[in-house]
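**Student:** Give me a 3D structure for the following:
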Amino acid sequence: MKTDSLLNDMETGKTEPKKIVFIVNPISGKGRQKSLGEIVARETAGTGIHTEVIMTTHPGHAEELSREAVARGVDTVVAVGGDGTVNEVARGLVGTNAAMGIIPTGSGNGLAHHLHIPFHFRKSIRIILRGKRHTIDTGTLNGRLFVSVAGVGFDAYVAKKFARIGTRGFQTYAQIVVPAYFGYKQRKYVISANGKEYTRKALFISFANSNQFGNNASVDPVARLDDGFIDICIVKKIPWYRLVFITPAFFLKQFHKTSYVEIFRATEFQVTRARGKDVHLDGDPWKTDRKIMVKVLPLSLNVIIP
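**Tutor:** Got it, this is the predicted structure:
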């Protein structure tokens, strides 16, 4: 399986799990999760590993369950869902010895794509059972955790719209993005980072810890999860007549080479906007102040990888 610099450069730790809790978002995955309990039982039969499969019932529940699991001595907590579920589970695990496994069933699955986690239930469960760990960075935006990517501007606007719609999936996301793009105007941002101040007009600014934007699209394919930095990706609006030529670059991991993006790195920085409250954290919308403070939390989360 293909690996990136994270998997090659970091020293691998292996801890065979003894207790595993699977925290499942029942909304994600078009109902595939109904079979998860049976598959887990078959894959763990005879291993001596104690497992639990728990369904979430409300926003924030995955974080509550994750914290409770750590308090009970569980060494592996698995997020079964999309990036939002991964974010909630990670909130309960950051700074602990427990590791997070991922079974991706969401719309974007950015972190799973970055870590090359398979989307097949049995394959991802077997990876979790092997217990191969790496420790990665996370970030905070005004004190709130993100694992893969956070942002402000057009992508936060789309995240808000997407959260209000009952149906999920890439098609729904595309149906929001296409009409919204043409009416959304660039906004002015002031970025204070590395002792300098930058004023930019942008469609959106992504704060990238991983190289994934979701759905295997990438604004910043060189971003790493273990380098101690957050990448600041300032994206300009692409003229409509160039969209057909530039859009494939997102999926071919070539967008960072175009003139429509500017990228630099920092461990801590501030972004100030003239107006607006919307941001997103791993694809989930959130409202906060005009001033946005982003910080990296180096090597703060254990994850299980292939």
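**Student:** use CA for all of it now, contacts and neighbours both
**Tutor:** OK.
**Student:** Check whether A99 really touches L93, as I assumed.
**Tutor:** Yes. Counting by CA atoms under 8 Å, A99 does reach L93; the two are 7.2 Å apart.
**Student:** Find the residues that touch each one of these two.
**Tutor:** Among the neighbours of A99, those also in contact with L93 (CA atoms under 8 Å, 6 or more residues apart in numbering) are L301.
**Student:** Looking at these two, which is more packed in?
**Tutor:** Using other CA atoms under 10 Å as the criterion, A99 and L93 rank with A99 on top: 27 against 24.
**Student:** what separates that one from G151, distance-wise?
**Tutor:** 26 Å (CA to CA, to the nearest Å).
**Student:** just checking, what packs against the longest strand along the chain?
**Tutor:** Criterion DSSP state E: the longest strand present in the chain is strand 291-304. Here strand 291-304 touches strand 99-104, strand 132-141, strand 268-273, going by 3 or more CA pairs under 8 Å, 6 or more residues apart in numbering; DSSP states H and E.
**Student:** Throw these into a markdown table and include distance to D75 and mean pLDDT, thanks.
**Tutor:** A markdown table is the format used below for the helices and strands packed on strand 291-304 (distance: least, CA to CA, whole Å; pLDDT from 0 to 100):
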| stretch | distance to D75 | mean pLDDT |
| --- | --- | --- |
| strand 99-104 | 6 | 96 |
| strand 132-141 | 12 | 97 |
| strand 268-273 | 31 | 97 |
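**Student:** Need the winner for burial among these.
**Tutor:** strand 99-104 (a mean of 29; mean count of other CA atoms under 10 Å).
**Student:** That one - which strands sit beside it in the sheet, and in what orientation?
**Tutor:** Taking DSSP bridges as the criterion, strand 99-104 forms sheet pairs with strand 76-81 (parallel), strand 291-304 (parallel).
**Student:** Can you check which of those strands gets nearest to G60?
**Tutor:** Distance to G60, taken as CA to CA, is lowest for strand 76-81 among the strands paired with strand 99-104, at 12.9 Å.
**Student:** circling back to that earlier point, mind putting the strands paired with strand 99-104 into a markdown table with mean neighbour count?
**Tutor:** Output for those, formatted as a markdown table (neighbours: other CA atoms under 10 Å):
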| stretch | mean neighbour count |
| --- | --- |
| strand 76-81 | 28 |
| strand 291-304 | 21 |
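**Student:** Columns mean pLDDT on top of the ones you listed, output as CSV?
**Tutor:** Formatted as CSV, the strands paired with strand 99-104 follow (pLDDT from 0 to 100):
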stretch, mean pLDDT
strand 76-81, 96
strand 291-304, 98
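**Student:** Skipping its backbone neighbours, what lies nearest L281 in space?
**Tutor:** Once flanking residues are discounted, L281 sits nearest to A150: 4.4 Å by CA to CA, 6 or more residues apart in numbering.
**Student:** pLDDT score for that neighbour?
**Tutor:** According to the prediction, A150 has pLDDT 96.
**Student:** how about it, what does it touch?
**Tutor:** A150 neighbours (CA under 8 Å, 6+ apart): 141, 206-208, 279-283.
**Student:** Secondary structure element holding it?
**Tutor:** When elements are assigned from DSSP states H and E, A150 belongs to strand 149-153.
**Student:** got the angle between that strand and strand 132-141?
**Tutor:** For strand 149-153 against strand 132-141, the angle by axes from the mean of the first three to the mean of the last three CA atoms, to 10 degrees is 20 degrees.
**Student:** Could you verify my assumption that V89 touches E63?
**Tutor:** Yes. Between V89 and E63 there is a contact at 4.9 Å, judged by CA under 8 Å.
**Student:** First-to-last residue distance for stretch 241-260?
**Tutor:** End to end - CA to CA - stretch 241-260 spans 14 Å.
**Student:** any idea how far it is from the chain center?
**Tutor:** 21 Å (CA atoms, centre = their mean, to the nearest Å).
**Student:** which parts of it are buried?
**Tutor:** 246, 249-251, 253-256 (16 or more other CA atoms under 10 Å).
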